[in-house]
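[1] Model the structure of this input:
(one chain, ligands or ions: 2)
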Amino acid sequence: MSDNAPQTRPQSKAIADAQTVTSVRHWTDSLFSFRCTRPQSLRFRSGEFVMLGLLDERGKPLLRAYSIASPSWDDALEFYSIKVPDGPLTSRLQHIVPGDAIILRPKPVGTLVHDALLPGKRLWFLSTGTGIAPFASLVRDPETYEKYDQVILMHTCREKAELEYGRELIEDLRNDPLIGEMVEGKLLYYPTTTREPSERMGRVTENLASGRVFQDLGIDGPMDPARDRAMVCGSLAFNLDIKTILEGWGLREGANSDPAEYVVEKAFVGDGV
Ligand code: FAD
Ligand code: A2P
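    Ligands and ions are numbered 1, 2, ... in the order given. All right, here's what the predicted structure looks like:
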């Protein structure tokens, strides 16, 4: 009996947190997105993350951090995910289909939120890989355009196909009858690849430091702490390199408890980090 007790509790809690997958889309061999039902109790700020996952073979929840990619006003939830071939969660999560149950702990947290930044004129979303996920939420939130005159999304991946989720999202946003008008003239999108030739190339760090992105978009550069605010989401190495550039321009890192000019979050925890 006593052996059963600890297993029963997480399982019944997991069932209470179960949500239903409503659609799944595979973008590449290593990237997919999905939508699921939203718990009525879930209130979140665009840009935050939650813990989600599946039950393991023993019926225990196997959970990982995931940025909510949908905006806070959406009735459903959207997530954008990597497929790690031997990853404990994503080796299984990549096979979900509509109707499947996933576990979602409705306790959103995170630093990529408007509250962690002081008011400014221009907002930069700087991302690599799945780091675009929190910005897929923020870029669809009207509050972003109420607070800023200009919003710039930079997203870099190795290959063109990995940019497709973001590219389509921005296109849909511009064509959206409600938000389209709000983003027109305000939202600038700067996708680049680093390993496959494409229209625009180079790392986010290189394009910022060289001034190329300002030139290409026809906007004033470099960033200025009196005007610019930034949110950063990528690998640890990317985040560290971006921090050096932003701090060199005089921007200071903020937090929910102490808003400043930029905020950072890891898109994933790397091997050995
Ligand atoms: P894990 O054992 O968790 O990871 C195995 C290895 O795979 C890692 O050591 C790392 O080298 C690599 N890896 C893991 N995730 C990624 C990734 N996203 N991109 C590139 N390499 C990766 N993942 C998402 O796909 N989408 C998200 O929106 C997302 N949001 C996150 C938010 C936060 C705050 C954090 C800390 C992580 C987030 N992650 C996200 C990563 C996620 O938590 C898991 O690591 C991922 O789902 C893989 O789980 P796994 O159990 O299959 O493998
Ligand atoms: P690169 O191809 O030059 O390494 P990954 O797939 O390894 O997570 O990388 C995703 C994207 O982030 C790639 O385009 C990669 O460029 C870029 N990248 C990786 N590390 C950094 C870094 N430290 N600074 C800027 N960009 C980086």
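[2] how deep is the residue in the stretch 151-273 of the chain that ligand 1 sits nearest to tucked in, by neighbour count?
    Of the residues in the stretch 151-273 of the chain, the one nearest ligand 1 is residue 268, at a distance of 3.3 Å by CB to the nearest ligand atom. For every residue, glycine as well, the C-beta is placed using N, CA and C. Neighbour count for residue 268, taken as other CB atoms under 10 Å: 17.
[3] For it, which residues are in contact?
    82, 130, 235 (CB atoms under 8 Å, 6 or more residues apart in numbering).
[4] so how far is stretch 195-211 off the chain centroid?
    Centroid separation for stretch 195-211 versus its chain: 20 Å, with CA atoms, centre = their mean, to the nearest Å.
[5] List the buried residues for that stretch?
    For stretch 195-211, a neighbour-count test (16 or more other CB atoms under 10 Å) marks 203-209 as buried.
[6] End to end on that stretch, go ahead and measure it.
    Distance across stretch 195-211, first residue to last, is 21 Å (CA to CA, to the nearest Å).
[7] can you check stretch 139-151 too?
    Using CA to CA, the two ends of stretch 139-151 sit 8 Å apart.
[8] Over to stretch 27-42?
    End-to-end for stretch 27-42, by CA to CA: 27 Å.
[9] Can you give me the buried ones in it?
    Under 16+ other CB under 10 Å, the buried positions of stretch 27-42 are 27, 30-39, 42.
[10] that older thread, ok, and which of the buried residues of stretch 195-211 reach ligand 2?
    203-205 (CB under 6 Å from any ligand atom).
[11] quick one: which of the residues you listed is nearest residue 220?
    residue 204 (18.2 Å; CB to CB).
[12] so that closest one sits right up against residue 157, yeah?
    No - between residue 204 and residue 157 there is no contact under CB atoms under 8 Å: 10.5 Å.
[13] Common neighbours of these two, please.
    Here residue 204 and residue 157 share the contacting residues residue 128, scored by CB under 8 Å, 6+ apart.
[14] what are the ranges of the helices in the stretch 51-200 of the chain?
    90-93, 133-138, 142-147, 164-175, 179-183 (DSSP state H, counting those that start in this stretch).
[15] could I get the longest one in PDB with only the CA atoms?
    What follows is helix 164-175, C-alpha atoms only, in PDB (Å, rounded to 0.1, in the frame of the first residue of the first chain):
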ATOM      1  CA  GLU A 164       9.000  29.300 -41.700                       C
ATOM      2  CA  TYR A 165       6.900  29.300 -38.400                       C
ATOM      3  CA  GLY A 166       7.900  32.900 -37.700                       C
ATOM      4  CA  ARG A 167       7.500  34.000 -41.400                       C
ATOM      5  CA  GLU A 168       4.000  32.700 -41.600                       C
ATOM      6  CA  LEU A 169       3.100  34.100 -38.200                       C
ATOM      7  CA  ILE A 170       4.100  37.600 -39.300                       C
ATOM      8  CA  GLU A 171       2.400  37.300 -42.600                       C
ATOM      9  CA  ASP A 172      -0.900  36.200 -40.900                       C
ATOM     10  CA  LEU A 173      -0.600  39.000 -38.400                       C
ATOM     11  CA  ARG A 174      -0.200  41.600 -41.200                       C
ATOM     12  CA  ASN A 175      -3.300  40.200 -42.900                       C
END
